[in-house]
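Engineer: generate a structure from the sequence data that follows.
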Amino acid sequence: MRHDVHPGQLGLVNAVVPAGDLLAAARDLAARIVRHASTAVAACLRAVTRGINLPIDEGLAVEAAAFASTVPTDGVRDGLHRFLSR
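Structural biologist: A predicted model of the protein is given here:
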């Protein structure tokens, strides 16, 4: 991660919660993440990890490649179908 930028400036902060609510908030976020196809979650993590220190155009290319790698999978195809059926 870049050390010259605060994570909040990168859009990596989902929420700010009181310290006593941290574990419950983390579990809630984890529960929402695991509802998605594991291939999509893994692709997102790969894209962030690989693209975090790249210039924006290169980072977007990494993101596009990660997305493209998930499209042919059953989980993503099913998820897109459910989303479009709403």
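
Engineer: and residue 53, how far from residue 59?
Structural biologist: Between residue 53 and residue 59 the distance, using Cβ to Cβ, to the nearest Å, works out to 9 Å. Bear in mind the C-beta positions are built from the backbone N, C-alpha and C, glycine included.

Engineer: so for these two, which sits in the more crowded spot?
Structural biologist: Comparing residue 53 with residue 59 by neighbour count (other Cβ atoms under 10 Å), the higher total belongs to residue 59, at 16 against 10.

Engineer: now the more buried one, what are its backbone angles?
Structural biologist: The phi/psi pair for residue 59 (degrees, to the nearest 10) reads phi -60, psi -40.

Engineer: helices of the protein, start to end?
Structural biologist: Using DSSP state H, the helices of the chain run over residues 22-34, 38-51, 56-70, 74-84.

Engineer: from these, which stretch is densest packed?
Structural biologist: Burial among the helices of the chain, expressed as mean neighbours by mean count of other Cβ atoms under 10 Å, is greatest for helix 38-51, which shows a mean of 16.

Engineer: now the angle from that helix to helix 74-84?
Structural biologist: Interaxial angle of helix 38-51 relative to helix 74-84 (axes from the mean of the first three to the mean of the last three Cα atoms, to 10 degrees): 100 degrees.

Engineer: tabulate the helices of the chain (JSON lines), appending distance to residue 14.
Structural biologist: Shown next, in JSON lines, are the helices of the chain (distance: least, Cβ to Cβ, whole Å):
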{"stretch": "helix 22-34", "distance to residue 14": "6"}
{"stretch": "helix 38-51", "distance to residue 14": "13"}
{"stretch": "helix 56-70", "distance to residue 14": "18"}
{"stretch": "helix 74-84", "distance to residue 14": "20"}
